[in-house]
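Chemist: Please find the sequence and the predicted model below.
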Amino acid sequence: MSLIKKLAGETALYGLSSIIGRLLNMLLVPFYTRVLATTNEYGAVIDLYATSAFLMVLFSYRMESAFFRFGTPQEARERVYSTGMLSLMGTTAAFAATLLVFAQPIADVLEYPQHPEYVRWFALILAFDCLAELPFARLRLEQRPKRFVFIKLTNISVNIGMNLFWLVFCPWAAGKGVGWVHAVWSPGLGVGYIFLSNLVASLVTLLLLSPQLRAVRWSFDKALWAKMMAYAAPLIIVSFAGIVDEMFSRSMLKYLLPGTPQENLADVGIFGANYKLAALITLFTQAYRYAAEPFFFRHAGDKDTLRTQAQVTLWFTIAAAVGMLGILLFLDLVKYFIGTKYHGGLHVVPILLTANLLLGVYYNFSIWYRLKDRTGLGAWISIAGAVITVALNLILIPKFGYTGAAWVTLTCYTFMCWATWFTGKKHYPVPYPLGRMLFYVAVALGLFALGKLLEATLPAQPILLWAGRAVLFGSYLALIYHLEKKQFSNPPHQNP
């Protein structure tokens, strides 16, 4: 239990940047869904960021995971870090230059022929973010969460500040006749200022990481690099497959839906905005992942590591289920996080919330193949998940639109959870309390169903309806306390 509390403490610290930071960033969603004139404009934002997620895997090729694997021993850290950074510097320059040179044909393929500048800006964003990956990983491995938090929050603050400057202040000042505004702002650029804001924030982040960048030693270990790439190569496939699982539907909606390109982008915007509502649960997941990956590598040799991982996964599931139930029961309030013209897609939020909970469980189950150097097997599982995603999206999107895409996401993550758990039983037998985990998820979904029944029974009595929902949520918390209080009153053996 002491290790679990330590992980919880680190998660809380990283959560200051991840949860609070991403929450602040997600506050841009209601901003965009109100400031942007049409849903297809927001669809362009969703579409381009989905595409950039694929490219980020290509740029970074999971070098941070290789750094955790080979750089954990203090005596090897500098050599591993410098080798990884020099590799990333060379490949990032090559990839970014390619995007800059071929910006126009790439924009044509992405169906933004009038805006090759979008491709150029994203090339620089990807380059800056890629070069920041390993310095951030080093801060995590060296357990320096305060600096990590400061830089991450600065990134978010700059991004939000530039968005407000270009999308709110400048139009207002131009309307008031402030002449200098036109030197830094053009009314025709519109949604492009979202991307420029990101570019400025990414540049500031890289500058703040300059101490970590200056620590690079100009010596490249070819033999070590080969080992790092052999370890990371299957994880590149895992990441590509994961991006396919998460982003393929958003990227393909504009091609697979039967409407015009603008109509399809409008649906992309609606689906993307509601996906953001479901992604509220991933704020916790991201903070947990920042702490968990280096945590499990540091404690891989502990005597009780398997039991610790089982308990960590149980508590992760409980926390995620609490978050899911809270969003579902109070969706009538949460829905105002996005503009009213996006509310037609609210029916996919319960599906996507369940899918995102399972995605978090999958992260826990999948740690075994990184600890045991079986990343190749993890790649095959991810490929299978990607095949399921692509095949079912091609079948269901033309028939059911983005609702079909939501069900595909849930199906894929269900498979991924099962596959990583099943293969891990043989190679890394963590005694997961699966029955208890499934019980908490099932009860949360059952209470959501009761909430929908209350909604149908008390449509004209909002006070009673909200009170009933609060009772359901409180009952769930009381149930957790009743069943898990022995964990605290009788903690397991603590590692020295």
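Modeler: Good, I have the coordinates.

Chemist: From now on I want contacts and neighbour counts done on CA atoms only, so please keep to that.
Modeler: Will do.

Chemist: Now do the helices in the stretch 351-496 of the chain.
Modeler: 375-427, 434-457, 462-484, 486-489 (DSSP state H, counting those that start in this stretch).

Chemist: winner for burial among those helices?
Modeler: helix 375-427 (a mean of 20; mean count of other CA atoms under 10 Å).

Chemist: can you tell me the average pLDDT over that one?
Modeler: For helix 375-427, the mean pLDDT works out to 90.

Chemist: To Leu359, which of the helices of the stretch 351-496 of the chain lies closest?
Modeler: helix 375-427 (5.7 Å; CA to CA).

Chemist: Mind giving me the packing neighbours of that closest one?
Modeler: Packed against helix 375-427 by the contact rule (3 or more CA pairs under 8 Å, 6 or more residues apart in numbering; DSSP states H and E) you find helix 222-256, helix 261-278, helix 349-371.

Chemist: Redo the ones you listed as TSV? Include mean pLDDT.
Modeler: Converted to TSV, these look like this (pLDDT from 0 to 100):
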stretch	mean pLDDT
helix 222-256	82
helix 261-278	82
helix 349-371	89
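
Chemist: Next, format the ones you listed as TSV and append mean neighbour count.
Modeler: TSV is the format used below for these (neighbours: other CA atoms under 10 Å):
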stretch	mean neighbour count
helix 222-256	20
helix 261-278	23
helix 349-371	23
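
Chemist: of those helices, which approaches Ser82 most closely?
Modeler: Ranking these by proximity to Ser82 (CA to CA) places helix 222-256 first, at 10.1 Å.

Chemist: Tell me the gap between the closest one and the middle of its chain.
Modeler: 14 Å (CA atoms, centre = their mean, to the nearest Å).

Chemist: Likewise for stretch 160-171?
Modeler: For stretch 160-171, the distance to the chain centre is 25 Å (CA atoms, centre = their mean).

Chemist: Ala406 reaches Val348, doesn't it?
Modeler: Yes: with contact defined as CA atoms under 8 Å, Ala406 and Val348 form a contacting pair (6.2 Å).

Chemist: Give me the contact list for stretch 109-118.
Modeler: Ala103, Gln104, Pro105, Ile106, Ala107, Gly192, Phe195 (CA atoms under 8 Å, 6 or more residues apart in numbering).

Chemist: still on that earlier bit, name the stretch from the helices and strands packed on helix 375-427 that approaches Met63 most closely.
Modeler: Closest among the helices and strands packed on helix 375-427, once you apply CA to CA, is helix 222-256, at 6.4 Å.

Chemist: The closest one - contacts with which helices or strands?
Modeler: Short answer (3+ CA pairs under 8 Å, 6+ apart): helix 222-256 packs on helix 39-60, helix 63-71, helix 74-101, helix 261-278, helix 375-427.

Chemist: To Arg214, which of these lies closest?
Modeler: It is, among those and with distance given as CA to CA, helix 74-101, at 10.1 Å.

Chemist: tell me what that closest one is packed against?
Modeler: Using 3+ CA pairs under 8 Å, 6+ apart: helix 74-101 touches helix 39-60, helix 63-71, helix 116-141, helix 222-256.

Chemist: Just the CA coordinates for the first one, please, in PDB.
Modeler: Think helix 39-60. The C-alpha coordinates for helix 39-60 follow below in PDB (Å, rounded to 0.1, in the frame of the first residue of the first chain):
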ATOM      1  CA  THR A  39     -19.400  23.200 -37.000                       C
ATOM      2  CA  ASN A  40     -17.300  22.400 -40.100                       C
ATOM      3  CA  GLU A  41     -14.700  25.000 -39.000                       C
ATOM      4  CA  TYR A  42     -14.300  23.100 -35.700                       C
ATOM      5  CA  GLY A  43     -14.300  19.900 -37.800                       C
ATOM      6  CA  ALA A  44     -11.200  21.200 -39.500                       C
ATOM      7  CA  VAL A  45      -9.500  21.600 -36.100                       C
ATOM      8  CA  ILE A  46     -10.400  18.000 -35.100                       C
ATOM      9  CA  ASP A  47      -9.300  16.600 -38.500                       C
ATOM     10  CA  LEU A  48      -5.900  18.300 -38.600                       C
ATOM     11  CA  TYR A  49      -5.000  17.400 -35.000                       C
ATOM     12  CA  ALA A  50      -6.100  13.800 -35.700                       C
ATOM     13  CA  THR A  51      -3.700  13.800 -38.600                       C
ATOM     14  CA  SER A  52      -0.900  15.300 -36.600                       C
ATOM     15  CA  ALA A  53      -1.300  12.600 -34.000                       C
ATOM     16  CA  PHE A  54      -0.200  10.000 -36.600                       C
ATOM     17  CA  LEU A  55       2.800  12.200 -37.600                       C
ATOM     18  CA  MET A  56       3.900  12.700 -34.000                       C
ATOM     19  CA  VAL A  57       4.500   8.900 -33.700                       C
ATOM     20  CA  LEU A  58       6.600   9.000 -36.900                       C
ATOM     21  CA  PHE A  59       8.600  12.000 -35.500                       C
ATOM     22  CA  SER A  60       9.300  10.600 -32.000                       C
END
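
Chemist: Spit out the contact partners of Leu224.
Modeler: Val80, Thr83 are the contacts of Leu224 under CA under 8 Å, 6+ apart.

Chemist: what about it, distance to Arg217?
Modeler: With distances taken as CA to CA, to the nearest Å, Leu224 is found 15 Å from Arg217.

Chemist: As CSV, the helices of the stretch 351-496 of the chain with distance to Met228 would be great.
Modeler: Shown next, in CSV, are the helices of the stretch 351-496 of the chain (distance: least, CA to CA, whole Å):
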stretch, distance to Met228
helix 375-427, 12
helix 434-457, 34
helix 462-484, 41
helix 486-489, 39
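
Chemist: what's the closest of those helices to Asn274?
Modeler: helix 375-427 (10.3 Å).

Chemist: Between helix 349-371 and that closest one, find me the angle.
Modeler: Interaxial angle, helix 375-427 versus helix 349-371 (axes from the mean of the first three to the mean of the last three CA atoms, to 10 degrees): 90 degrees.

Chemist: Compute the inter-axis angle for helix 375-427 and helix 434-457.
Modeler: 100 degrees.

Chemist: correct me, but Leu447 touches Ala470?
Modeler: No: counting by CA under 8 Å, Leu447 sits too far from Ala470 to count as a contact (11.0 Å).

Chemist: wait, which of the contacts of stretch 109-118 is closest to Phe400?
Modeler: For those, the nearest to Phe400 is Ala107 (28.5 Å; CA to CA).

Chemist: how many other residues sit next to the closest one?
Modeler: 18 (other CA atoms under 10 Å).

Chemist: so who does it touch?
Modeler: Pro113, Gln114, His115, Pro116, Tyr118, Val119 are the contacts of Ala107 under CA under 8 Å, 6+ apart.

Chemist: filter those to the buried ones?
Modeler: Pro116, Tyr118, Val119 (16 or more other CA atoms under 10 Å).

Chemist: just those now: which is nearest Asp302?
Modeler: For the buried ones among the contacts of Ala107, the nearest to Asp302 is Val119 (47.2 Å; CA to CA).

Chemist: how close does that closest one get to Tyr49?
Modeler: Taking CA to CA, one finds Val119 at 11 Å from Tyr49.

Chemist: likewise Phe316?
Modeler: Applying CA to CA to Phe316 and Tyr49 gives a distance of 28 Å.

Chemist: re earlier: which of the contacts of stretch 109-118 fall in helices?
Modeler: Ala103, Gln104, Pro105, Ile106, Ala107, Gly192, Phe195 (DSSP state H).

Chemist: can you list these in TSV and add distance to Thr457 and pLDDT?
Modeler: Formatted as TSV, the ones in helices among the contacts of stretch 109-118 follow (distance: CA to CA, whole Å; pLDDT from 0 to 100):
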residue	distance to Thr457	pLDDT
Ala103	56	94
Gln104	56	94
Pro105	56	94
Ile106	53	90
Ala107	52	89
Gly192	46	87
Phe195	46	91
